[in-house]
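J.: The following block contains a protein sequence and its predicted model.
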Amino acid sequence: MSKALEKPLRWGILAPGGIAKCFVGDLLLPEDADVRANHKVVAVGSRTMAKAEVFVKEVFEGREGLQRDIKCYGDYASLLSDDQVDIVYVASPQSHHFGQAKACLVAGKHVLCEKPLTINAAQTEELVKIAREKKLFFMEARWTKFFPLLQEVRTLVHDKKILGDLVRVNSDFGEAFPHDHRLYDAALGGGCLLDLGIYSLTWISALLWDSPENKRAAPRISSSLLMDKTGTVDETTTAILQFDKIKATAVLSASLRVDLHRPGYHTIIQGTKGDLTIHGKHTSKPLAYTLHLKDQPPKRVEPKILGWGMRYEADECALRIAEGAVESPTMDHAESVFAMQVLDTIRKQNNFSFSAEIESLDSGL
Ligand SMILES: NC(=O)c1ccc[n+]([C@@H]2O[C@H](COP(=O)([O-])OP(=O)(O)OC[C@H]3O[C@@H](n4cnc5c(N)ncnc54)[C@H](OP(=O)(O)O)[C@@H]3O)[C@@H](O)[C@H]2O)c1
């Protein structure tokens, strides 16, 4: 670890829910050869003080000896005026990301914001503009992009051309959620496309959109959404993305109705020399891959994962902030804008919009 990074990056956690618990757990991981930076959680802001306190208690349960001097706030505004906080992790539902991330940036904080970054591309573009103007680091918490496995697969496929020319990428995320889950709530930006489909898109973007030959040329898109029984959120969604420049096709699929029961794979990358399948229960969290080259036995690789897998993105924030960057080259602003444009296009093709309130550029904290 470099001298600059021995000084911990000081985190404020905004909206301590399910994913925030996983994230903070990874910030507290002990020293490890793969750890690249130091972190300290200095404050937690919830809509209610009791929730902030319960969160801190739960996160530190069984972790005796770790730092405990964490400030709890019963509102988000107080978290943003805490001058001990360098960076805010925004972990609320996507309906609230835009207003909250904007308030963090306006308050002079660096921001790591959960995926999908916002509800639409216009909101993402506005946040990028503010971050750049204020010279603050701003990144979508698309943790999958930082997994060593994804990086390794990109090296094999893009640099070593192990699959030959890429022809198809199919990526699917299915998880059955109960109807009372936030994903069935349109007011919280629910539906499978924004929440799960963004991970299918992550693999497609990393492998086709961002390939050395495609050079981020936009795909043609056709799509279909099946709405849930109330007609308010998309429940099963499929889109075809045609990358004309490299003559490759991708299928993005997601569903809130069925689990991904594929011990085989959730993503398959097919090229002229063979294919590579990515395994894992969740498309967001790759656990292993298998390379099948023509006339060769399959080769399965299971790289080690640090903690839950969220430490990589946190370390990236610390490294980039230490060098004064406003974005990460691994999950840059252009990729977040591209993702939101794809999701906007799919929603538009299927007449699916959220309330004016959460689609607007006016919301605040
Ligand atoms: N990276 C990943 O793998 C991953 C996995 C799951 C979710 N996510 C993303 O992370 C975000 C949070 O998801 P989650 O599953 O952690 O959600 P969650 O458990 O429901 O937590 C969200 C938190 O947001 C706060 N909140 C603020 N306004 C709210 C409102 N109007 N309704 C409900 N909660 C509100 C609540 O905290 P307070 O009341 O304490 O303020 C709540 O605990 C989503 O954008 C989701 O897409 C990412």
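T.: Noted; the coordinates are in hand.

J.: Enumerate every residue touching residue 138.
T.: The neighbours of residue 138, taking C-beta atoms under 8 Å, 6 or more residues apart in numbering as the test, are 101, 105, 110, 111, 113, 127, 128, 131, 326, 327, 333. All C-beta atoms are positioned from the backbone trio N, CA, C, and that covers glycine.

J.: Residue 214: which of those residues is nearest?
T.: Residue 214 lies nearest to residue 333 out of those, by C-beta to C-beta, at 18.7 Å.

J.: Return the distance of that closest one relative to the ligand.
T.: Separation of residue 333 from the ligand (C-beta to the nearest ligand atom, to the nearest Å): 18 Å.

J.: same deal with residue 347?
T.: According to C-beta to the nearest ligand atom, residue 347 and the ligand sit 16 Å apart.

J.: Excluding chain neighbours, give the residue nearest to the closest residue to the ligand within the chain in space.
T.: Minimum separation of the chain from the ligand (C-beta to the nearest ligand atom) falls at residue 17, amounting to 1.8 Å. Nearest residue to residue 17 in three dimensions, chain neighbours excluded: residue 91, at 6.0 Å (C-beta to C-beta, 6 or more residues apart in numbering).

J.: count of neighbours near the one you found?
T.: Residues near residue 91, counting by other C-beta atoms under 10 Å, number 23.

J.: Residue 214 now?
T.: By the criterion of other C-beta under 10 Å, residue 214 has 18 neighbours.

J.: Identify the residue nearest it in space, chain neighbours excluded?
T.: residue 246 (4.7 Å).

J.: hang on, that neighbour packs against residue 213?
T.: Yes: look at residue 246 against residue 213 with C-beta atoms under 8 Å: they come within range, at 4.9 Å.

J.: The two: which has the busier surroundings?
T.: The neighbour comparison of residue 246 against residue 213 (other C-beta under 10 Å) goes to residue 246, with 18 against 14.

J.: got a list of what the more buried one touches?
T.: 165, 166, 208, 211, 213, 214.

J.: Those residues into TSV, with extra columns for distance to residue 320 and pLDDT?
T.: Converted to TSV, the contacts of residue 246 look like this (distance: C-beta to C-beta, whole Å; pLDDT from 0 to 100):
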residue	distance to residue 320	pLDDT
165	33	98
166	29	98
208	26	98
211	24	98
213	27	98
214	25	98
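
J.: Which of those fall in strands?
T.: Within the contacts of residue 246, residues falling in strands by DSSP state E are residue 166.

J.: Sort out which one of the contacts of residue 246 lies nearest residue 55 for me.
T.: Using C-beta to C-beta, residue 208 comes nearest to residue 55 of the contacts of residue 246, at 39.0 Å.

J.: The closest one: what's it in contact with?
T.: 166, 169, 214, 219, 241, 243, 246, 248, 250.

J.: Ok, residue 101 next?
T.: Counting by C-beta under 8 Å, 6+ apart, residue 101 makes contact with 90, 111, 113, 117, 118, 127, 138.

J.: The same query, at a cut-off of 6 Å, please.
T.: Going by C-beta atoms under 6 Å, 6 or more residues apart in numbering, residue 101 touches 90, 111, 113, 127.

J.: Over to residue 153?
T.: So residue 153 contacts nothing (C-beta under 6 Å, 6+ apart).
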